[in-house]
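**Student:** the following block contains a protein sequence and its predicted model.
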Amino acid sequence: MKVLIVGSGGREHALAWKVAQSPRVTKIYCAPGNAGMARLGECVAIKATDLQSMLQFAIEKHVDLTIVGPESPLISGIADLFRDAGIPIFGPSAAAATIEGSKVFTKDLLKTYGVPTADYRTFDDANAASDYINDMAGGSEEFPIVVKADGEAAGKGVFVCDTRTQALQAIKTIMIDKAFGASGDRVVIEERLEGQEASLMVITDGENVIPLQPAQDYKRALDGDNGPNTGGMGCYSPVPAVPPDLYEKVLATIIRPTLRAMAAEGRRYTGVLYAGIILTRDGPKVLEFNARFGDPETQVVLPLLESDLIEVIEASLTGKLDSIQTKCYNGCAVCVVVASGGYPGSYETGKPIYGLEDAEKLEDVIVFHAGTALKDDKIVTSGGRVLGVTALGKTFETAVDRAYEAVDRIHFDRMHFRKDIGARVRFAQVPSLLRMS
């Protein structure tokens, strides 16, 4: 089997790493890939958003299966394009990917079909949105609220605000300054819910689901959950706050009702459905949906999956997920993201990376590349998030220690990482395994 992985980040490296373990896979193409993915397959210089070139390449190389990592090509319709050409592809249609492509669509869908989520209002006019915030805040400066850009924003379009001034600035950034382009033409302003957050990903054929282990990530750039939001600075899995019985409740009250709602709207959903949930006093509620594997969640979830990912994906494509049984590693995984100095703001690239081989010599450690490239036979930085250093362990303490021991062996100029990934669960008991069939 020839497999094409679309994308170039840590998530795509994790996908290529997992796919390479399947005895059925003989060739992996990565488009465009990165320095780490180049060790697993052939990287080709095609941008993930260049759909026609991607299709032509798949046809010429007789690709048997395409797996899409990032959201942009899915929202743009890559799955429709490939399916129309008769090429198997794992990912939702453009109509189904709207669940990530438009937060307004998703909030309205959840409200219509009674799926628990935060109360909200939507606006397509900056003045009206600002007036609403001022009215709701009254005379108070303290005003906890969440402001979200409607469209895709690489994980950076959500502003969790404590004050009225912050909320008004978020409106300005999104709708007037156009920090996210057309994605900010509309905004969602929603109540700020309190509770622990978790990321739950399921593989689905539109009806049946295979739940993957839950993960909890760290969005803020700095220790102690300070600093600006990022695409994710690390994560761990499984999540003590989401034991199997609670996960089953989420499947029953959120995941399956959403799949039924999408089907009822003529948007049958197949692929990976990622639910960002929050555990409130009133039970779990939806914060957001993504139409693909998470990043860096994939870098901990896939190493915990012992089953052949290719078999699960094929069952999804053929509507046979109900016949699949999967197996998971009896332990946990922790991923520490190593970033360029200045991320998520401006940063320099082209910095040589040292110590990768030493880090990978450690037991149960995998270094997933994200923003890396080859230059003069040396691996250099090429993005904001550079590496995802993942470690497995039977306990969280072991996994955390291994991950940071590996990080300590890696060096490049202005290297930045959080030092508290996994701290909240370091001495927690690893929860029972989720039933994955």
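**Tutor:** Perfect, thanks for sending it.
**Student:** can you give me the buried ones in the strand or helix carrying Ile313?
**Tutor:** Ile313 belongs to helix 309-317 when assigned by DSSP states H and E. Across helix 309-317, burial judged by 16 or more other C-beta atoms under 10 Å covers Leu309, Ile310, Val312, Ile313, Glu314, Ala315, Ser316, Leu317. (Glycine included, C-beta is placed from N, CA and C.)
**Student:** ok, now stretch 211-223?
**Tutor:** Buried positions in stretch 211-223, judged by neighbour count with 16+ other C-beta under 10 Å: Pro211, Leu212, Gln213, Pro214, Ala215, Gln216, Asp217, Tyr218, Lys219, Arg220, Ala221.
**Student:** give me the phi and psi for Asp125.
**Tutor:** Main-chain torsions, Asp125, degrees, to the nearest 10: phi -130, psi 130.
**Student:** to clarify, my last question referred to Gly283.
**Tutor:** phi 110, psi 180.
**Student:** spatially, what comes nearest to it if we skip its sequence neighbours?
**Tutor:** Of all residues not flanking Gly283 in the chain, Pro116 sits nearest, at 6.5 Å (C-beta to C-beta, 6 or more residues apart in numbering).
**Student:** the one you found contacts Lys285, correct?
**Tutor:** Yes: the pair Pro116 / Lys285 is scored as a contact, 4.4 Å apart, by C-beta atoms under 8 Å.
**Student:** Ser130 versus Ala118, what's the distance?
**Tutor:** Note on Ala118: its distance to Ser130, by C-beta to C-beta, to the nearest Å, is 20 Å.
**Student:** cool, Ala252 as well?
**Tutor:** With the distance defined as C-beta to C-beta, Ala252 ends up 39 Å from Ser130.
**Student:** got it, and Ala20?
**Tutor:** For Ala20, the distance to Ser130 - C-beta to C-beta - is 51 Å.
**Student:** of the two, who's got more company?
**Tutor:** More crowded of Ala20 and Ser130, by other C-beta atoms under 10 Å: Ser130, with 18 against 15.
**Student:** helix or strand: which one has the more buried one?
**Tutor:** Applying DSSP H and E as the criterion places Ser130 in helix 126-137.
**Student:** tell me which other helices or strands that helix touches.
**Tutor:** strand 120-123, strand 142-149, helix 164-171, strand 187-191 (3 or more C-beta pairs under 8 Å, 6 or more residues apart in numbering; DSSP states H and E).
**Student:** in it, what counts as buried?
**Tutor:** Across helix 126-137, burial judged by 16+ other C-beta under 10 Å covers Ala126, Ala129, Ser130, Tyr132, Ile133, Ala137.
**Student:** pLDDT and distance to Gly184 added to those, as TSV?
**Tutor:** Putting the buried residues of helix 126-137 into TSV (pLDDT from 0 to 100; distance: C-beta to C-beta, whole Å) gives the following:
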residue	pLDDT	distance to Gly184
Ala126	96	9
Ala129	96	11
Ser130	96	14
Tyr132	95	16
Ile133	96	16
Ala137	92	21
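**Student:** who's in contact with Leu392?
**Tutor:** By C-beta atoms under 8 Å, 6 or more residues apart in numbering, the residues touching Leu392 are Pro303, Leu304, Tyr329, Gly331, Cys332, Ala333, Asp364, Val365, Ala399, Arg402.
**Student:** show me those residues that map onto strands.
**Tutor:** Cys332, Ala333, Val365 (DSSP state E).
**Student:** is it true that the last one touches Tyr404?
**Tutor:** It stands for Val365. No: the criterion here is C-beta under 8 Å, and Val365 misses it with Tyr404 at 10.6 Å.
**Student:** the helices in the stretch 251-400 of the chain, which residues?
**Tutor:** All helices of the stretch 251-400 of the chain, identified by DSSP state H, counting those that start in this stretch, fall at 256-264, 298-304, 309-317, 356-360, 396-407.
**Student:** residues contacting the residue nearest to Met175 when sequence neighbours are not counted?
**Tutor:** Closest residue to Met175 apart from its sequence neighbours, by C-beta to C-beta, 6+ apart: Ala126 at 4.0 Å. Neighbour list for Ala126: Ile171, Lys172, Met175, Ile176 [criterion: C-beta under 8 Å, 6+ apart].
**Student:** so how many other residues sit close to the last one?
**Tutor:** If you count neighbours by other C-beta under 10 Å, Ile176 ends up with 12.
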